[in-house]
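K.L.:
Here's my sequence, what's the structure:
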Amino acid sequence: RTQLPNWKEQRGRWHSGPGWVPSQVSFSRSAARAAMRAAYSPAALASSLSNEDMVVTDAILRGGHRIDVFTLDTGRMHGDTLALVGDIRQRYGYELQVFRPQPQAVTQYVKVYGRDAFYESVDLRHACCDIRKVEPLKRAKDGLDAWISGRKAFQRPMNEGVELLNAIQDVYLSKEITVA
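P.N.:
Just a heads-up that it's a prediction; the model follows:
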């Protein structure tokens, strides 16, 4: 298994020409096309702007696939990460869709609980995630027939990962969609 390079270390190299995708990464464009054809359109990639998502974004945009790409700006992301939105615009001429939480909901949460309250309890963490991630994600997926989201193998054991994908499908997508 190949370890992906740290994006901060690679960012300058990525701007150096058409071979900007790290050479260690292999992505099957034909597999992506086959998975997304006809039945699952419109479709979108929910990008975290991670190395892996940047590789998929490159394949989508260079391949001319009819797949939108969006990201969530929770209001807590690093500036270096958000700078990749401009990098995508510059490299591909593509305006990445950026979904943000409702400002009044964030303001109310911070006023009542404090900026870093999500560290204090699971309930406050869930409340913060509902405001900063879940609600914007629901708006982002509105009208989609397919939603591509990445999950790294090390993040969850396979059985839990499948359960997570099923839960995501149940919450965010139409019940008729059978592929997550």
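K.L.:
And the strands in this protein?
P.N.:
Using DSSP state E, the strands of the chain run over 43-46, 67-72, 97-99, 146-149.
K.L.:
Quickly run through the sheet partners of the first one, with directions.
P.N.:
Read that as strand 43-46. Strand 43-46 pairs in its sheet with strand 67-72 (parallel), strand 146-149 (parallel), by DSSP bridges.
K.L.:
circling back to that earlier point, what's the closest of the strands of the chain to residue 128?
P.N.:
Of all those, strand 67-72 sits nearest to residue 128, with 13.0 Å by Cβ to Cβ. Just so you know, the C-beta spots here come from the backbone N, C-alpha and C atoms, and that holds for glycine as well.
K.L.:
wait, what's in contact with residue 100?
P.N.:
Neighbour list for residue 100: 72-75, 136 [criterion: Cβ atoms under 8 Å, 6 or more residues apart in numbering].
K.L.:
Tell me how many other residues surround residue 105.
P.N.:
Counted with other Cβ atoms under 10 Å, the neighbours of residue 105 add up to 14.
K.L.:
wouldn't it be in contact with residue 134 here?
P.N.:
No: look at residue 105 against residue 134 with Cβ atoms under 8 Å: they stay out of range, at 11.0 Å.
K.L.:
Verify the stated contact: residue 49 with residue 84.
P.N.:
Yes: Residue 49 is within contact range of residue 84, at 4.6 Å (criterion: Cβ under 8 Å).
K.L.:
just to revisit the earlier point, including mean neighbour count and distance to residue 90, could the strands of the chain go into a markdown table?
P.N.:
Below are the strands of the chain laid out as a markdown table (neighbours: other Cβ atoms under 10 Å; distance: least, Cβ to Cβ, whole Å):
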| stretch | mean neighbour count | distance to residue 90 |
| --- | --- | --- |
| strand 43-46 | 21 | 19 |
| strand 67-72 | 21 | 15 |
| strand 97-99 | 15 | 15 |
| strand 146-149 | 20 | 23 |
